[in-house]
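Asker: return a 3D structure for these sequence lines:
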Amino acid sequence: MSTLYDRYEGQLEPKHANLFRNGEYVVLRDRPVRIVNYSVSKPGKHGHAKIHFIGIDVETNRKVESIAGSHDMLPKPKSKRIEYEVVNIDDDQVHAMSDDGTMITDLQLPRNSDFAQRLTSQWENLPDDKILKITVLTVLELKVIITSREMDA
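Answerer: Got it, this is the predicted structure:
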């Protein structure tokens, strides 16, 4: 039986539950989530406080809740943000280019329909003297577009 650490070798590091803060990424219920809220209960008669985490799934934007002991070790995924220039948007597929000229063709439009519609609209109505830049969050083999902005060409 493989563990989460085996599946994502080198992409996770253990961290005590009581050290996580809002805005950080953690794996809850086998999903990478961004913590949006957490609360700590008082230690009970057996001496350990519990932490109630509320997070937003990075890929689906759904709320994920979980409770962990304050001294439990939770998997913290390594994440990075990279900015790309949009080259084309076909249906749900986004084609982009990095600063060094590398083409990325495996990006999907975000599942958050409002952002996906706004991004598509930005692309379709982009003036000739502008370029569209997107920021892509990479976490546990997922690539998710999280922001977009227009820039002068």
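Asker: can you give me the helices for this structure?
Answerer: Taking DSSP state H as the criterion, the chain carries its helices at 4-7, 113-124.
Asker: can you tell me which of those helices is most buried?
Answerer: Among these, the stretch with the highest mean neighbour count (mean count of other C-beta atoms under 10 Å) is helix 113-124, at a mean of 14. Yep, even glycine has a C-beta here, placed from its N, CA and C like the rest.
Asker: shouldn't Val36 be in contact with Phe53?
Answerer: No - with contact defined as C-beta atoms under 8 Å, Val36 does not count as touching Phe53 (9.1 Å).
Asker: out of those two, which sits in the busier spot?
Answerer: Neighbours per residue (other C-beta atoms under 10 Å) separate Val36 from Phe53, with Phe53 holding more: 20 against 13.
Asker: what's the pLDDT at the more buried one?
Answerer: Model confidence at Phe53, given as pLDDT, is 97.
Asker: kindly report the same for Pro110.
Answerer: In this prediction, Pro110 carries a pLDDT score of 80.
Asker: contacts only, for it.
Answerer: Contacts for Pro110 (C-beta atoms under 8 Å, 6 or more residues apart in numbering) come out as 61, 116, 119, 144-146.
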